[in-house]
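In: With the sequence up front, the predicted model follows.
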Amino acid sequence: MKKKKLAAKRELLASFTVLDTVYQGPRLMYVAGTIGNPVVSIDSPADSDLEIRNDQPPEDSQDPVLFSYTVPSSSGTDRELRILLAKIHTPEAGLPSTVRYSVIKPSADGSDWDWQTQNITLNAGGAQAATNPHGVAQVGDDLYIIDYDARKVWFVGTAALDSATEGAAVDVAGVIDLSEEALGVDIGLPPDAKGQGIIYLQDGDDEYLFALYIISVVNYPDVTYEPSILMRLTKTGGAFGFNARTDVGRNAQEIIPVTGISGTRLLIPAIGGKQESNLTNGAFSNITRVDPFASTLSADVIIEGDAPAAAPSDTGTYDIAAIAAQAGSASNGGIVYILTFTFGPNFKSLFWKLYKTTGNMLITLDVVLTPSEMEADPDDFTLVDSGQTFGYPDSSGETGYAGLSYWDILYENGVDQYDQGRLWFRRNGIRIASAADYENPHWFFGLGVDRGQIGGENINSLELTCETLRQIAAGFSGKRGFKIAAPRVKAHALKAKARSIAMPEPEERK
């Protein structure tokens with residue numbers, strides 16, 4: 001069958017917030033482009049021209065994060081995009097966070113960004129709710145918000161947000177309390193649990209929310225991590241409530257659903273704890289696999305970080321950083337990318353490797369592998385790319401902290417069975433590549449505010465808003481502003497070579 005050419009259509013591909021190196025100068029940026037296979041038809045990042053600095057006390061709030069969702073259009077035949085922007089203020093330790101929300105209505109191609117309403121608070125019983133959002137799952141016309149600072153999931157109607165007036169206190173529709181006090185010591189979350197992410201899944205007529213919590217004990221400069229907790233909530237009589245829980249990896253990052261030949265599984269990557277330098281971390285990092293619809297919720301480790309070396313070496317030991325998964329089906333399972341990393345001496349460099357496999361491989365894997373063993377198994381895993389990133393020079397000219405140059409990977413699904421979509425990397429820059437052919441071409445937007453740059457130094461949150469617009473039923477992963485769509489396309493088998501290519505110059509913004 002011949003591939004049909006898609007008509008060129010401008011589309012808002014991604015939206016993100018950015019800060020400078022001292023977490024000041026917040027901006028709302030976006031990337032637009034053309035749908036379909038050509039990776040080269042992508043604009044440079046552009047400023048939305050909206051002032052997102054917090055102009056209400058406390059004025060020093062510089063933690064803007066965004067979440068995209070959809071609402072019915074005025075015609076009622078399709079959906080329109082909305083962005084919920086949260087300006088979070090986290091005061092001194094021991095004091096609660098505060099947040100002010102804004103509802104933004106961007107155009108489909110990103111050319112117009114209109115404030116719908118600003119300075120909204122979400123309230124429950126007269127008190128501010130959802131003060132430190134870390135993930136949002138859309139269920140119909142309701143948004144379920146996981147709170148980092150509270151062991152609760154709040155939900156609010158999108159219609160209530162759309163009809164809110166400037167500075168309004170919007171009452172949430174309800175709350176799901178998952179604390180020990182509410183559910184019992186053996187079931188509920190302990191006091192040091194922190195909300196990390198939430199997704200929504202359906203299995204036939206059954207509906208589920210999965211909420212991820214990390215368990216960290218902070219006593220600066222020391223931070224210790226216990227196993228994270230995955231909570232399953234089921235919908236009964238129109239309301240979600242606790243159903244089951246299981247332990248997963250330490251410092252778990254996100255929940256990635258993968259559908260393949262044996263059904264749907266959740267893949268949960270965990271860094272393992274706080275990061276170490278000198279190429280020696282990796283002791284507790286892993287990927288756990290969970291059958292989301294089994295009667296008993298339990299997690300199996302399928303990949304674990306390389307064991308720490310006795311002494312630093314050139315190869316080092318790698319942690320699991322992130323997963324990106326193509327929307328799969330019962331026949332093919334989709335493509336899955338795994339990003340690993342390790343810090344060099346004194347955190348001044350970051351080594352990273354990108355692997356590719358399939359959802360079916362990870363769903364049926366019955367042994368525990370390490371990144372080194374994945375690399376030694378070219379039949380089932382492809383080492384797509386690897387590299388080393390150095391820190392930027394400080395004021396004295398010395399090499400500074402490397403940061404987390406590529407911390408997240410996101411999968412933008414293709415528009416039909418011939419187009420496998422694009423792979424996005426983000427942290428201190430944005431890299432975009434073709435998922436079908438990683439080498440051709442590669443796109444990179446680096447630090448700074450000029451053309452071809454991201455608008456600052458540190459991306460605080462990023463969403464593939466194009467995935468939100470295309471969604472049929474979807475959920476958010478555990479990281480802020482990271483979307484994974486429901487299964488919707490089929491893919492051909494891939495053949496990729498591990499080779500770096502020159503980055504093409506981004507085209508002029510149209």
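Out: That came in fine, so what should we check first?
In: quick one: low-confidence ranges for the stretch 101-250 of the chain?
Out: Residue ranges of the stretch 101-250 of the chain with pLDDT under 70: 220-221.
In: Show me where it has its strands.
Out: Under the criterion DSSP state E, counting those that start in this stretch, the stretch 101-250 of the chain contains strands at 113-124, 127-128, 133-139, 142-147, 152-157, 169-171, 174-177, 193-203, 206-219, 222-236, 239-250.
In: among those, which is nearest residue 469?
Out: strand 133-139 (12.3 Å; Cβ to Cβ). Heads up, the C-betas are built off the backbone N, CA and C, glycines and all.
In: Strand partners (parallel or antiparallel) of that closest one?
Out: strand 142-147 (antiparallel) (DSSP bridges).
In: which residues are in contact with the strand it pairs with?
Out: 67, 69, 84, 122, 129-138, 153-158, 161, 173, 195-198, 200, 209, 211-212, 240 (Cβ atoms under 8 Å, 6 or more residues apart in numbering).
In: Apply 7 Å and report the result again.
Out: For strand 142-147, contacts defined as Cβ atoms under 7 Å, 6 or more residues apart in numbering pick out 69, 130-137, 153-158, 173, 195, 197-198, 209, 211.
In: before we move on, the earlier item: got a markdown table for the strands of the stretch 101-250 of the chain, with mean neighbour count too?
Out: Formatted as a markdown table, those follow (neighbours: other Cβ atoms under 10 Å):
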| stretch | mean neighbour count |
| --- | --- |
| strand 113-124 | 18 |
| strand 127-128 | 12 |
| strand 133-139 | 25 |
| strand 142-147 | 25 |
| strand 152-157 | 22 |
| strand 169-171 | 15 |
| strand 174-177 | 17 |
| strand 193-203 | 23 |
| strand 206-219 | 19 |
| strand 222-236 | 18 |
| strand 239-250 | 19 |
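In: need the ones you listed in CSV with distance to residue 96, can you?
Out: Output for those, formatted as CSV (distance: least, Cβ to Cβ, whole Å):
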stretch, distance to residue 96
strand 113-124, 13
strand 127-128, 8
strand 133-139, 14
strand 142-147, 10
strand 152-157, 13
strand 169-171, 16
strand 174-177, 16
strand 193-203, 13
strand 206-219, 16
strand 222-236, 20
strand 239-250, 24
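In: Identify the bridge partners of residue 136.
Out: Beta-bridge partners recorded for residue 136 (DSSP bridges): residue 145.
In: Quick one: the helices in the stretch 351-500 of the chain, in order.
Out: With DSSP state H, counting those that start in this stretch as the criterion, the stretch 351-500 of the chain has helices at 359-364, 371-375, 465-470.
In: Could you say which of those helices is packed most deeply?
Out: The highest average neighbour count among the helices of the stretch 351-500 of the chain, using mean count of other Cβ atoms under 10 Å, belongs to helix 465-470 at a mean of 24.
In: on contacts alone, who are the packing partners of it?
Out: strand 10-19, strand 63-72, strand 79-89 (3 or more Cβ pairs under 7 Å, 6 or more residues apart in numbering; DSSP states H and E).
In: neighbouring contacts of that helix?
Out: Residues outside helix 465-470 that contact it (Cβ under 7 Å, 6+ apart): 11-15, 68-70, 81, 412-413, 483, 485.
In: Also stretch 49-56?
Out: 17, 26-28, 61, 64, 85, 87, 89, 100, 104, 113, 115, 119.
In: of those residues, buried ones?
Out: 17, 26, 27, 28, 61, 64, 85, 87, 89, 100, 104, 113 (16 or more other Cβ atoms under 10 Å).
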